[in-house]
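Undergrad: Let's see this in three dimensions:
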Amino acid sequence: MSALQLDGQDSATVCAIGGLAGVGKSALAVHAARSALQAGWFDGAVWVNLRGFDPEIPPMEIASTVTVLLRALGVAEEEIPPGTEEQLAVYHGALAEMAARGQHVLVVLDNAADASQVQRLLPGDSVHRAMVTSRRALVSLGARLVDLDVLDETRAVSLLATALRDARHSDPRARDEDALVPHQATFAPSVW
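TA: This next block holds a predicted model:
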């Protein structure tokens with residue numbers, strides 16, 4: 001969450017969440033975005049799944065992505081130009097207008113194939129933030145990097161026990177952590 005805070009102390013406007021498939025990058029991004037909105041750090045957020053690693057659908061092209069973002073920012077359909085360069089200009093212009101009005105926007109770019117897929121979509125104004133998830137390290141973005149790893153068995157069992165206790169206080173399985181999960185080497189939190 002601190003990677004998103006608009007405190008003026010950090011020049012990084014991008015937070016990149018990386019890690020293996022299924023480790024919880026998207027779930028963390030959604031949770032962080034909701035928490036940041038609830039904390040009042042942003043006036044709004046836009047989200048797009050870039051499909052960078054979908055085996056059945058090709059990654060989103062920049063033209064499709066910027067159109068989705070323009071619509072999410074409230075740009076009227078008739079104001080969206082046909083060319084990608086013009087769309088990018090309208091997109092960055094809309095963000096600049098929002099910044100001038102004192103509005104802060106969080107742009108969530110989920111499942112990026114690589115840095116080139118998101119580079120031109122990053123907010124140029126320091127009042128906005130972008131959060132990018134990817135299986136690849138996005139070092140070239142100048143982002144604050146958050147690298148997720150799979151949980152070891154102890155942490156995985158503890159997470160499951162906490163989830164059970166939160167969901168059903170009376171569930172006796174939550175008190176018997178040894179019986180919760182068959183012993184395995186590692187666990188990815190998205191399994192639960």
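Undergrad: ok, residue 65 touching residue 46?
TA: No. Using C-beta atoms under 8 Å, residue 65 is not in contact with residue 46; the gap is 10.7 Å. In this view, the C-beta of every residue, glycine as well, is placed from N, C-alpha and C.
Undergrad: Looking at these two, which one has more neighbours?
TA: Comparing residue 65 with residue 46 by neighbour count (other C-beta atoms under 10 Å), the higher total belongs to residue 65, at 24 against 19.
Undergrad: Next one: the residue nearest the centre of the chain, what pLDDT does it get?
TA: Nearest to the geometric centre of the chain sits residue 29, at 3.5 Å (C-alpha atoms, centre = their mean). The score at residue 29 is 93. That number is its pLDDT.
Undergrad: I'd say it and residue 130 touch.
TA: No. Shown here, residue 29 and residue 130 do not form a contact pair, counting by C-beta under 8 Å, at 10.7 Å.
Undergrad: Need the residues touching each of the two.
TA: residue 108 (C-beta atoms under 8 Å, 6 or more residues apart in numbering).
Undergrad: what's the following helix or strand after the top helix by length along the chain?
TA: Within the chain, and with DSSP state H defining each element, the longest helix by residue count is helix 84-100. Next along the chain after helix 84-100, taking DSSP states H and E as the criterion, comes strand 105-112.
Undergrad: what lines up beside that next one in the sheet?
TA: Sheet partners assigned to strand 105-112 using DSSP bridges are listed as strand 44-49 (parallel), strand 129-134 (parallel).
Undergrad: Out of these, which one sits most buried?
TA: Taking mean count of other C-beta atoms under 10 Å as the contact definition, the stretch among the strands paired with strand 105-112 with the greatest mean neighbour count is strand 129-134, which reaches a mean of 26.
Undergrad: Would you mind checking the average pLDDT for it?
TA: The average pLDDT for strand 129-134 rounds to 94.
Undergrad: same check, this time on stretch 65-74
TA: Confidence over stretch 65-74, taken as the mean pLDDT, stands at 95.
Undergrad: In stretch 66-85, which residues are buried?
TA: Across stretch 66-85, burial judged by 16 or more other C-beta atoms under 10 Å covers 66, 67, 68, 69, 70, 73, 75, 84.
Undergrad: Kindly report the same for stretch 99-109.
TA: Those would be 99, 104, 105, 106, 107, 108, 109, for stretch 99-109 by 16+ other C-beta under 10 Å.
Undergrad: which one of the residues you listed sits closest to residue 88?
TA: Relative to residue 88, the closest of the buried residues of stretch 99-109 is residue 107; by C-beta to C-beta it sits at 13.1 Å.
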